[in-house]
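> Mind folding the following:
(one chain, ligands or ions: 2)
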Amino acid sequence: MASIEMKNIVKKYGDGFPAVNDVSMDIADGEFMILVGPSGCGKSTLLRMIVGLEDITSGEMDIGGTRVNEKAPRDRNLSMVFQNYALYPHLSVFENIAFPLRLAKAPEDEVRKKVNEAADVLELHEHLQRKPANLSGGQRQRVAMGRAIVRDADAFLFDEPLSNLDAKLRGQMRTEIARLQRRLGITTVYVTHDQTEAMTLGDRVCVLRKGVIQQVASPRELYEQPVNLFVAGFIGSPPMNFLPATVSGSALETPFGKIELDSARAEKIKGKDLVLVGIRPEYFEDASLVDEAKKHVGSTFSARVDVTEWLGDSQFAYIPYEAPEEVAAQLKELSRELDSDQLRTQAIVSIDSTSRIREGREAEFWLDARKIHVFDPSTGDNLTRDPEAGAELTRMASEDRAEQVAQAREHGTSVTGRHHAEEK
Ligand SMILES: Nc1ncnc2c1ncn2[C@@H]1O[C@H](COP(=O)(O)OP(=O)(O)O)[C@@H](O)[C@H]1O
Ligand SMILES: [Mg+2]
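Residues are numbered from 1 along each chain as shown. Ligands and ions are numbered 1, 2, ... in the order given. Now for the predicted structure:
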């Protein structure tokens, strides 16, 4: 097990374009770190530099406190699971899982023991003699995982391991990976473009855009205190709504009426003229369902509902609004970059499933003014971010994590056949 430290890592491919640009990040021993961002943002390149499959153009990569820039992949003691699983078609499931142990010339009884343990954890026992071609996608994924966990690797590296599975299986495997990683307490770096995977798996998540780190934080901090428009728009589904607004004193004039800001926030946007107000769908409600006592902390407005989606336990309403040309263009650009078709000049609001708000009619809505963020439209920066509140959220997650890792190690990690408690 090991920590991974990156200092000013740059990767330039042949044409000189920096696919990874000045990335510095420390991954703690036992931590589950996610690299997330849209396709082409440099996630795989960064992961491949950790494993040693890609040369580092400049910067330093340390694993377990030792510089590895010049080390070959096989000398880094890392286990990688690829998107396409890379199984050997002519070998049985047993031999596929055993492969790294065979390479290391492990004795036969050790191979049997470790493969059987991995098969237990991954529920592969009845398939051990089959060939990969006869397995389902989910089973192949498990075999690839098995091959990764039989080694006493210092870290696991995953590159979009679930993207070839259907949605249901993806959900199942996600839970299994989380459980396995918690149980083993092994440092893990996991690449995905899926924000749900990022939020549910990671202790911390690193959001990348065009090779540059935007924010490294716990899922809660990313969600509640995003540093900029990009992170705010990427994390959360349906995404945060962005409304154009003009600042007048301590109030914001939005397409949905006036929002009064508390003094701390008003102070932070002083001197600004046009801004973007970010508010997540769940901070809206059907005004008729909001307690009178609570109403004053937000704003009530009336708007015409375009579409409603009733899902049983929840309900969404789509509310189009008018925006200046420049704002509409900016949202379109962000939407394109995030590969999302939902960032448009319409708000998506989540209302109680009992609400009788109807399509095509005017309705009264309420929004929680305490929950808004205000972004600078030219730089995308979140002007109202509270860095201390954010750091506290990440600190809590890191403490929980450290405790879990300590426990996992105290009980020994039987899957790899290594019993840390007994080693001492
Ligand atoms: N072997 C390569 N040669 C040249 N450019 C590459 C190579 N591999 C990746 N790139 C470029 O580097 C950028 C990052 O790619 P990649 O790390 O694969 O992104 P991601 O995994 O986030 O989708 C992209 O612009 C991609 O086109
Ligand atoms: Mg990739």
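
> Which strand or helix spans the residue of the stretch 51-200 of the chain found nearest ligand 1?
Per CB to the nearest ligand atom, residue 191 is where the stretch 51-200 of the chain lies closest to ligand 1, at 6.4 Å. Using the backbone N, CA and C atoms, a C-beta is placed for each residue, glycine as well. Following DSSP states H and E, one finds residue 191 within strand 187-192.

> Describe which strands that strand pairs with in its sheet and in which direction.
strand 32-36 (parallel), strand 155-159 (parallel) (DSSP bridges).

> and these, which is most packed in?
Mean neighbour count (mean count of other CB atoms under 10 Å) peaks for strand 32-36 among the strands paired with strand 187-192, with a mean of 26.

> got the angle between the next helix or strand after it and strand 187-192?
Following strand 32-36 in sequence order, the next helix or strand is helix 43-51 (DSSP H and E). For helix 43-51 against strand 187-192, the angle by axes from the mean of the first three to the mean of the last three CA atoms, to 10 degrees is 160 degrees.

> average model confidence for helix 43-51?
The pLDDT scores in helix 43-51 average 97.

> Which strands and helices lie in contact with it?
Counting contacts by 3 or more CB pairs under 8 Å, 6 or more residues apart in numbering; DSSP states H and E, helix 43-51 packs against strand 4-12, strand 18-27, strand 32-36, strand 58-63, strand 78-81, strand 155-159, strand 187-192.

> would a markdown table of those with mean pLDDT and distance to residue 345 be doable?
Output for these, formatted as a markdown table (pLDDT from 0 to 100; distance: least, CB to CB, whole Å):
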| stretch | mean pLDDT | distance to residue 345 |
| --- | --- | --- |
| strand 4-12 | 98 | 37 |
| strand 18-27 | 97 | 32 |
| strand 32-36 | 97 | 26 |
| strand 58-63 | 98 | 41 |
| strand 78-81 | 92 | 41 |
| strand 155-159 | 94 | 36 |
| strand 187-192 | 96 | 29 |
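
> Can I get those in TSV including distance to residue 375?
Compiled in TSV, these are given as follows (distance: least, CB to CB, whole Å):
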stretch	distance to residue 375
strand 4-12	28
strand 18-27	23
strand 32-36	20
strand 58-63	30
strand 78-81	37
strand 155-159	32
strand 187-192	25
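
> To residue 52, which of the ones you listed lies closest?
strand 78-81 (7.9 Å; CB to CB).

> Out of the helices and strands packed on helix 43-51, the one nearest residue 94 is which?
Of all these, strand 78-81 comes closest under CB to CB, at 17.9 Å.

> any idea what the residue nearest to residue 122 when sequence neighbours are not counted is structurally, helix, strand or coil?
Using CB to CB, 6 or more residues apart in numbering and skipping the chain neighbours, the partner closest in space to residue 122 is residue 142 (4.4 Å). At residue 142, secondary structure determined by DSSP: H, G, I helix; E, B strand; the rest coil is helix.

> Same question for residue 179.
helix.

> ok, how many other residues are close to it?
Using other CB atoms under 10 Å, residue 179 has 11 neighbouring residues.

> Check what pLDDT it gets.
What the model reports as pLDDT for residue 179 is 86.

> Next one, pLDDT for the residue of the stretch 251-400 of the chain found nearest ligand 1 please.
Closest residue of the stretch 251-400 of the chain to ligand 1, CB to the nearest ligand atom: residue 339 (11.1 Å). Looking at residue 339, its pLDDT is 74.

> Now do it against residue 206, distance only.
Per CB to CB, to the nearest Å, residue 339 is found 18 Å from residue 206.
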